[in-house]
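Q: Please work out how this folds:
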Amino acid sequence: MTDSQDTGTAASTAAEAAEAPEAPEAPAPAEAPAAPTDGNPVAPAPAGSRTAADVVTPEVAARLTRGVVGSGRTANHTPFTGEKLADLPESTPEDVATAFARARAAQERWARVPVRQRAAVLLRFHDLVLRRQAEVLDLIQLETGKTRLHAHEEVQAVAVAARHYGRKAPAYLAPKRHTGVVPTLTKVTELRHPRGVVGQIAPWNYPFELSIGDALPAFVAGNAVVMKPDTETALTALWAREQLIEAGLPEDVWQVVIGEGPVIGPEVVKHADYVSFTGSTRTGREVAQGAAARLVGVSLELGGKNAMLVLRDADLDKAAAGAVRGCFSSAGQLCISIERLYVHESVADDFLARFAARTKAMRLGNALAYGADMGSLAGERQLQAVVRHVEDAVAKGAELVAGGRARPDIGPFFHEPTILDGVQSPMAVCDEETFGPVVSVYRFRDEDEAVALANATPYGLNSSVWTKDGRRGRALAARLRTGTVNVNESYAAGYGSVQSPMGGMGDSGLGRRHGSEGILKYTEAQTVAHQRVMPLAPAFGMTDEKYARFMTRSLRAMKAFRLR
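A: Residues are numbered from 1 along each chain as shown. You can find the predicted model right below:
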């Protein structure tokens, strides 16, 4: 996953403007570039479509940013046009310290609330999100540039996580009895305590799911959270905060700080009792080093170069449709999206023809409505990375099967979904994470070769296998070195199954979200052992030798009775 898209502050922009001479009257805006006749079609905007100004009014921005600890000013922008969305508070290192002090005081009270009452907050939040989803869908689209259907994936993921931890948290966190060293004489209970204040650094690409979705288990476990969302997508996280407070979360339990990653991120790590980070592998290493220096825990979901394997017996139409979803959802700006596509040589040409036809038919669009198949990239940095990878590959001999160009006729950061064939080293796209709508197609002869090729990367986040034989697919999946593997789906089946852990191997990260690991990581385990009747030492007149014989017989008996 790529780094944050934080921009300069609105204050600095205003200062520059004040020093400049008075500008002449602005010329009439240039006409938008014409759409290429052979490019991806544009989804028509419905009549009466709303604009950014309709959605993010000054009143809405003021309401959502209420409570943000920030003494400066900055702004965020929409990728659809590049225009400013809202003025935002900007936090300083001192503001971060203040946020942690507030959160720490509130956390002590929150931790004393019974876990079932904390869980009930999540269930009420679940209902508010589904009832008011149109509001957050608008914000997600405006802040990320993705289509409405791809934005709805975030709503689904958050609702599933809220329901799961709202129902299961009491069981996950309940005291657990364990067999003691001497059964009946040693009574052992495992307790779970909140870590305190969790520092969370959330990315821009999935600003709803990867902010509140990761924070929900921390809250229900009794922690407070100080979150640094990406500046460009802060409104989405702040909307989630507003709903969760209405659902019953004490306001000070969730603090938000906003600012440039290199400035504010280390301050969050500096004060946190545990750190949750989603972002690039490079920045993740820095976060881990900062947390290690303070001996605090960390979970990291980082980059990926995810592979999809199409076996010779796959349903090619379903696989082609799955590849479109896997490669181009959210314009490929998804940590678990597919960037490497391995197809058995006997079906490769047939599959590629079907996949290319579907890709070329994808409708690009920027309306706040359903209907488009792919939206915009998040900003100039992402667009440049995509263009660099595509141009480098073509210059070094790769074949452009579909797409391959920017689409400024739709918006400043649009790029067509792109398929490359014949990719090989030293093309940059071969090994580097693109994090955009670009996929490279490779052919393989047998499944051993496919597994070796898929595993030939330092990353290990997600992979996908397509076959009509489910048993064969699951067996092959077990050989792939990734945290999740989807059989006959690209990423959604594994990610959406929240009772199971999700995370990366290798350079793709540490720790897991979802399931028991996704909540227990936010707790400290405590073992309470109550010894009864006799101590674990010579007693009742035993000599040391008699006690040693007694314990030897006891240990043999426990093994014979299959005690664990």
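Q: Can you report how many residues neighbour residue 474?
A: When neighbours are defined as other C-beta atoms under 10 Å, residue 474 has 13 of them. (Each C-beta comes from the backbone N, C-alpha and C, glycine too.)
Q: now it, what's its secondary structure?
A: Assigned by DSSP: H, G, I helix; E, B strand; the rest coil, the conformation of residue 474 is helix.
Q: which residue ranges form the strands in the stretch 51-200 of the chain?
A: 72-77, 84-90, 176-179, 186-194, 197-201 (DSSP state E, counting those that start in this stretch).
Q: Check which helices and strands the third one is in contact with.
A: In other words, strand 176-179. Packing contacts for strand 176-179, counted by 3 or more C-beta pairs under 8 Å, 6 or more residues apart in numbering; DSSP states H and E, involve strand 186-194.
Q: can you pull the contacts of the closest residue to residue 142 other than its chain neighbours?
A: Spatial nearest neighbour of residue 142, excluding adjacent residues (C-beta to C-beta, 6 or more residues apart in numbering): residue 78 at 4.7 Å. By C-beta atoms under 8 Å, 6 or more residues apart in numbering, the contact set of residue 78 is 52, 85, 142-143, 145.
Q: One more pass at 7 Å, please.
A: Residue 78 sits next to 52, 85, 142-143 when contact means C-beta atoms under 7 Å, 6 or more residues apart in numbering.
Q: before we move on, the earlier item: select, out of the strands of the stretch 51-200 of the chain, the one closest to residue 391.
A: Ranking the strands of the stretch 51-200 of the chain by proximity to residue 391 (C-beta to C-beta) places strand 72-77 first, at 25.7 Å.
Q: which SS class is the residue nearest the centre of the chain?
A: By C-alpha atoms, centre = their mean, the chain has its centre lying nearest to residue 210, at 4.3 Å. Residue 210 falls in the coil class when you classify it by three-state DSSP.
Q: From what I see, residue 411 and residue 365 are in contact.
A: No - using C-beta atoms under 7 Å, residue 411 and residue 365 do not qualify as a contacting pair, with a distance of 9.4 Å.
Q: residues contacting residue 102?
A: Counting by C-beta under 7 Å, 6+ apart, residue 102 has contacts 252, 255.
Q: coming back round to it: which of the strands of the stretch 51-200 of the chain sits most buried?
A: Per residue and on average, the most neighbours among those fall to strand 197-201, with a mean of 28 (mean count of other C-beta atoms under 10 Å).
Q: Sheet partners, orientation included, of that strand?
A: Within its sheet, strand 197-201 is paired with strand 224-228 (parallel), strand 274-278 (parallel), according to DSSP bridges.
Q: Please name the nearest non-neighbouring residue to residue 455.
A: residue 481 (4.9 Å).
Q: Return the set of buried residues in stretch 275-287.
A: 275-281, 283-284, 286-287 (16 or more other C-beta atoms under 10 Å).
Q: Turn the residues you listed into TSV, columns for pLDDT and distance to residue 255.
A: Listed next are the buried residues of stretch 275-287 as TSV, based on pLDDT from 0 to 100; distance: C-beta to C-beta, whole Å:
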residue	pLDDT	distance to residue 255
275	98	15
276	98	14
277	98	17
278	97	18
279	95	20
280	95	24
281	95	27
283	96	21
284	96	22
286	96	22
287	97	18
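Q: Just give me the closest of the residues you listed to residue 541.
A: Nearest member of these to residue 541, counting by C-beta to C-beta, is residue 275, at 54.3 Å.
Q: What's opposite the closest one in the beta bridge?
A: Under the criterion DSSP bridges, residue 275 forms beta bridges with residue 199, residue 298.
Q: quick one: contacts for it?
A: So residue 275 contacts 199, 269, 287, 291, 296, 298 (C-beta under 7 Å, 6+ apart).
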